[in-house]
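Visitor: my questions are about this predicted structure, shown below with the sequence.
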Amino acid sequence: MTVRGFRDRYVRRRLGAGMVLVTAILVGVEAGARAQQSGEAAVTPTVASGVTAAGVDLSSLTARQARAALEDRSYERVTLTYRGRAWRFAPQTLGAQLDVAGAVESALAAPPRTEAQADVAVDRAALARWTTEFARTFDVKARNATIVLRRSRPHVRPSRPGQKLYRRWAQISIAGALRTSDQEPVELPVRTVRPTVTDRKVGPAVVVARSSNRLTLYRSGGPKGMRVWRKFRVATGMSIYPTPLGSFTIENKQLNPWWYPPDSPWAAGASPIPPGPGNPLGTRWMGLSDPLVGIHGTPDSASIGYSASHGCIRMLVSDAEWLYERVHEGTPVYILPT
């Protein structure tokens, strides 16, 4: 072998050994990287099987995954119900905030098939403010039965119960559901408000037909809520002093009243008249919400059935006494043309 041939063989051997060494190093680096990755996956903490927090199953989730699941849960709305109606509100609206970071830490440390601690902070002041605002639209006032005129006849407008939210109890119930992450609807604690005047207790009503000089007293009862109690012939205002038309109420009642001259031309120069046989108001006065008009007795029985008064409604003394005992302050009086 020549010197040149020996040298070429030596160079090839050295290059081959170098290639083997580089390949071995690369293989080793790759193997090490794989081993490192495999080791990292093995030590990433996950939640044990069957562990829940705030009602959410966190089994086998990493910390990041558990946080995402709990954050989703923290925005799930709370359902409030009452008699088939339902309202849904985010916990934050009600003043609640879930400690997501603390719940994740607790879940990672919890043994299998346990409930991890998930604290919910409830701002009492915020919940109280929300309850007050909600109650303003929720509460309904009770409606008393009232008398309305339809087709010249009084009818009863039915009473209706109201409702009122027990604010303090509502706050306690809602706060409890928020803290326990209970998904069941919260039934609102509500008090029914009863009307003070029911359909059966609605009082009497008076209807005066001016042109026919008739007064009809109605009382509760009958298919339409009111029925005729008694009818009377009366006297109403003459053409120059007509009895006013419209809806009024009895504002005051006087037994054996004095007569005082009104501020009107027809009474100019007249003096007050005390109770007695000659009193133009008889023995009973039922003043209407129109200050110059009332229902009263009269010693002038011949005027009954005619348009003869100065605007008031005259009755026979005995009739006025009977009516006086059966009406009260607030009784509606409807004066109609016919």
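Guide: Right, received. Where do you want to start?

Visitor: and the strands in the stretch 51-200 of the chain?
Guide: Here the stretch 51-200 of the chain has its strands, by DSSP state E, counting those that start in this stretch, at 52-53, 56-57, 78-82, 85-89, 96-98, 120-122, 146-150, 153-157, 162-165, 186-187, 190-193.

Visitor: partner strands of the fifth one, with direction?
Guide: According to DSSP bridges, strand 96-98 forms sheet pairs with strand 120-122 (antiparallel).

Visitor: mind listing what's buried in the partner strand?
Guide: 120, 122 (16 or more other CB atoms under 10 Å). Glycine gets a C-beta too; all of them are placed from N, C-alpha and C.

Visitor: what's in contact with that strand?
Guide: For strand 120-122, the surrounding residues in contact (CB atoms under 8 Å, 6 or more residues apart in numbering) are 54, 91, 94-99, 175, 178-179, 181.

Visitor: does Val327 really touch Thr249, like I thought?
Guide: No. Checked against CB atoms under 8 Å, the pair Val327 and Thr249 is beyond contact range at 10.0 Å.

Visitor: which one of the two is surrounded by more residues?
Guide: More crowded of Val327 and Thr249, by other CB atoms under 10 Å: Val327, with 19 against 15.

Visitor: surely that one is within a strand?
Guide: No. Under DSSP: H, G, I helix; E, B strand; the rest coil, Val327 falls outside any strand and is assigned coil.

Visitor: measure Gly246 to Thr93 for me?
Guide: Distance, Gly246 to Thr93, using CB to CB, to the nearest Å: 50 Å.

Visitor: try Leu215
Guide: Relative to Thr93, and taking CB to CB, Leu215 is found at 60 Å.

Visitor: averaged pLDDT, the helix or strand hosting Val333. What do you get?
Guide: Assigned by DSSP states H and E, Val333 belongs to strand 332-336. Regarding strand 332-336, the rounded mean pLDDT is 98.

Visitor: ok so, going back, out of the strands of the stretch 51-200 of the chain, the one nearest Ala107 is which?
Guide: strand 52-53 (4.8 Å; CB to CB).

Visitor: packing partners of that closest one?
Guide: Under the contact criterion of 3 or more CB pairs under 8 Å, 6 or more residues apart in numbering; DSSP states H and E, strand 52-53 touches helix 100-109.

Visitor: what's next to the helix it packs on, contact-wise?
Guide: Outside helix 100-109, the residues that touch it by CB under 8 Å, 6+ apart are 45-47, 51, 53-54, 58, 63, 66-67, 70-71, 74, 116-119.

Visitor: buried ones only from these, please, as a PyMOL command.
Guide: Only the buried entries of those go into this PyMOL selection, using 16+ other CB under 10 Å:
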select buried, resi 46+47+51+53+54+58+63+66+67+70+74+116+118
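
Visitor: among the contacts of helix 100-109, which lie within helices?
Guide: 63, 66-67, 70-71, 74 (DSSP state H).

Visitor: need the residues you listed in TSV (columns: distance to Thr146).
Guide: Formatted as TSV, the ones in helices among the contacts of helix 100-109 follow (distance: CB to CB, whole Å):
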residue	distance to Thr146
Ala63	66
Ala66	61
Arg67	60
Leu70	55
Glu71	54
Ser74	50
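
Visitor: tabulate those (TSV), appending pLDDT and distance to Val140.
Guide: Formatted as TSV, the ones in helices among the contacts of helix 100-109 follow (pLDDT from 0 to 100; distance: CB to CB, whole Å):
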residue	pLDDT	distance to Val140
Ala63	95	49
Ala66	96	45
Arg67	96	44
Leu70	94	39
Glu71	95	38
Ser74	93	33
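
Visitor: centroid residue for this protein?
Guide: Centroid-nearest residue in the chain, with CA atoms, centre = their mean: Phe138, separated by 1.5 Å.
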